[in-house]
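>>> give the three-dimensional model of this entry:
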Amino acid sequence: MIQIKDVTKLYPAKESGNGNGAGKDNGAIHALDHISLHVTQGEWLSIMGPSGSVKSSLMNLIGYLDRPSSGEI
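Down below sits the predicted model:
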């Protein structure tokens, strides 16, 4: 079983020098923002999306290769 409760993942923002600031909030980039998910035993799940849609970040959290900024896995 996979259970994700109210998970947020923040990454430190790096200055790009273009002054855009898109996706930045108080020096952090919100990759996942209060995500909840429940997958029961025997259930199949597909995670799809375009490049940059945080699929790898989510999988790294599920596989315990990374830790969430807040929430439970």
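>>> in this protein, which spans are strands?
Counting by DSSP state E, one finds strands in the chain at the ranges 2-12, 24-25, 28-39, 70-72.
>>> okay, the third one in CSV with CA atoms only?
Output of strand 28-39 as CSV, limited to C-alpha atoms (Å, rounded to 0.1, in the frame of the first residue of the first chain):
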residue,chain,number,x,y,z
ALA,A,28,11.6,28.2,-2.7
ILE,A,29,10.1,26.4,-5.6
HIS,A,30,6.9,24.4,-4.8
ALA,A,31,7.3,21.1,-6.6
LEU,A,32,4.4,19.4,-4.7
ASP,A,33,1.9,21.4,-2.8
HIS,A,34,-0.3,19.4,-0.2
ILE,A,35,-0.7,16.2,-2.3
SER,A,36,-2.6,13.3,-1.0
LEU,A,37,-2.8,9.8,-2.6
HIS,A,38,-3.8,6.3,-1.6
VAL,A,39,-3.0,3.2,-3.6
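>>> any residues touching that strand, and which ones?
Strand 28-39 is contacted from outside by 1-13, 23, 45, 54, 57-58, 61, 68, 71, using CB atoms under 8 Å, 6 or more residues apart in numbering. Every C-beta, even on glycine, is put in place using the N, C-alpha and C of the backbone.
>>> in that strand, what's buried?
Using 16 or more other CB atoms under 10 Å as the test for burial, strand 28-39 gives His30, Ala31, Leu32, Ile35.
>>> may I see the residues you listed arranged in a markdown table, with distance to Pro50 and pLDDT as well?
Shown next, in a markdown table, are the buried residues of strand 28-39 (distance: CB to CB, whole Å; pLDDT from 0 to 100):
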| residue | distance to Pro50 | pLDDT |
| --- | --- | --- |
| His30 | 17 | 90 |
| Ala31 | 15 | 92 |
| Leu32 | 16 | 93 |
| Ile35 | 18 | 94 |
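>>> so where's this protein uncertain?
Applying pLDDT under 70 to the chain flags the ranges 15-26.
>>> can you do 50?
For the chain, the stretches with pLDDT under 50 are 24.
>>> count of residues packed around Ile2?
Ile2 has 12 neighbours, counted by other CB atoms under 10 Å.
>>> for the residue positioned nearest the centre of the chain, give its distance to Tyr11.
Centroid-nearest residue in the chain, with CA atoms, centre = their mean: Leu32, separated by 3.4 Å. Computed as CB to CB, to the nearest Å, the Leu32 to Tyr11 distance reads 10 Å.
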